[in-house]
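Participant: My questions are about this predicted structure, shown below with the sequence.
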Amino acid sequence: MSSTYGISIVFAKLKKNIDYIWICTDNLSPNRFKSVRNAKTKLSALKFLIFLPKFILSDFLRIISIKKSDVAFSQNQIQKTLIQNTFNKPSHKMISGHPLSNNKTSISQRFDNKTILWCANFGAHKRPELFIELASKMLNTDFKFVMVGGHSDKNYVQQILANQPQNLVTTGQLSFDESLRYFESATLLVNTSISEGFSNTYIQAWLRGIPTIVFGADTDSIIETNQVGCNITQVDEAVKNIGDLFKNQNKYKELSTNAYNYAIENHSIKKMTDNFLKAISSK
């Protein structure tokens, strides 16, 4: 990643007619010492010291890339504020967009499917163990749980899945198109991340009318404000919310319809493209 930053900056600046555009992809990116801090929490002291020069270089080049960018984009208000406060640099909002879905699954079919989907990598900040705990606490119900994703450290994955309940299916790492197939019949999407810049899985779900339950990662309060799901903090709270929702099909229909309408209005490819072109033209 550090070499990518360096090459991009040099190329853009040598060519006087090329603007360099930087996009903030997560809430930690505006942190000056992101790489060093991440490594310190994840690596042993010896490995940290061995690779410290690499992490310092990565942070240095990332900082330069932000400072030297002609146009900066952020995904949410947290990132926008951090970029402004840390680098005294304004940023435009990056609207994510996805192709519209041709899926024909009706709201009533989704409701009857009772399939709870989780889709992410198994990184520690995604907290996959919370979804496994949720499935375990609903083992005696007729809900099905599906985890799409994996991790390069197979031993780490085996440890997480050591007590996998029988109502939970895991797929391992899939391609984008392969993972989309699981959205076609899903009833709810659950996100257990500590935080999100703006998760693409939200858009994938909403474009199919899938309400979303998140464990705190409600970017700019979009989920609660637009009533496309709910934001919770505890697994027991998720169990209660899911149980209550499936006693009220009209409420599910309302959330599903809200999710679809919000995605169509705000996250189409056209909306994303128009927003991007408007931002760079106003430079």
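Facilitator: Right, received. Where do you want to start?
Participant: For the stretch 101-250 of the chain, which segments count as strands?
Facilitator: Secondary structure of the stretch 101-250 of the chain, counting by DSSP state E, counting those that start in this stretch: strands at 115-119, 144-148, 168-170, 188-191, 212-214, 229-231.
Participant: Report the buried residues of the third one.
Facilitator: Of the residues in strand 168-170, those buried by neighbour count under the rule 16 or more other CB atoms under 10 Å are Leu168, Thr170. Bear in mind the C-beta positions are built from the backbone N, C-alpha and C, glycine included.
Participant: same thing with the last one?
Facilitator: Buried residues in strand 229-231, counted by 16+ other CB under 10 Å: Gly229, Cys230, Asn231.
Participant: Show me the contact partners of it.
Facilitator: 188-189, 211-216, 218, 221, 223-224, 241, 255, 259 (CB atoms under 8 Å, 6 or more residues apart in numbering).
Participant: Taking the residues you listed, please make a ChimeraX selection of just the buried ones.
Facilitator: Selection command for ChimeraX covering only the buried members of the contacts of strand 229-231, criterion 16+ other CB under 10 Å:
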select :188,189,211,212,213,214,215,218,223,255,259
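Participant: ok, the residue nearest the centre of the chain to Thr219 distance?
Facilitator: Against the mean C-alpha coordinate of the chain, by CA atoms, centre = their mean, the closest residue is Ser199 at 2.5 Å. Going from Ser199 to Thr219 by CB to CB, to the nearest Å gives 8 Å.
Participant: ok so, going back, using JSON lines, lay out the strands of the stretch 101-250 of the chain together with distance to Asp274 and mean pLDDT.
Facilitator: Formatted as JSON lines, the strands of the stretch 101-250 of the chain follow (distance: least, CB to CB, whole Å; pLDDT from 0 to 100):
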{"stretch": "strand 115-119", "distance to Asp274": "27", "mean pLDDT": "97"}
{"stretch": "strand 144-148", "distance to Asp274": "31", "mean pLDDT": "96"}
{"stretch": "strand 168-170", "distance to Asp274": "39", "mean pLDDT": "95"}
{"stretch": "strand 188-191", "distance to Asp274": "26", "mean pLDDT": "98"}
{"stretch": "strand 212-214", "distance to Asp274": "25", "mean pLDDT": "96"}
{"stretch": "strand 229-231", "distance to Asp274": "26", "mean pLDDT": "96"}
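Participant: Including distance to Phe276, could those strands go into TSV?
Facilitator: What follows is the strands of the stretch 101-250 of the chain, written out as TSV (distance: least, CB to CB, whole Å):
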stretch	distance to Phe276
strand 115-119	25
strand 144-148	28
strand 168-170	36
strand 188-191	25
strand 212-214	25
strand 229-231	27
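Participant: Relative to Thr25, which of those is closest?
Facilitator: Nearest to Thr25 among the strands of the stretch 101-250 of the chain is strand 188-191; the distance by CB to CB comes to 16.5 Å.
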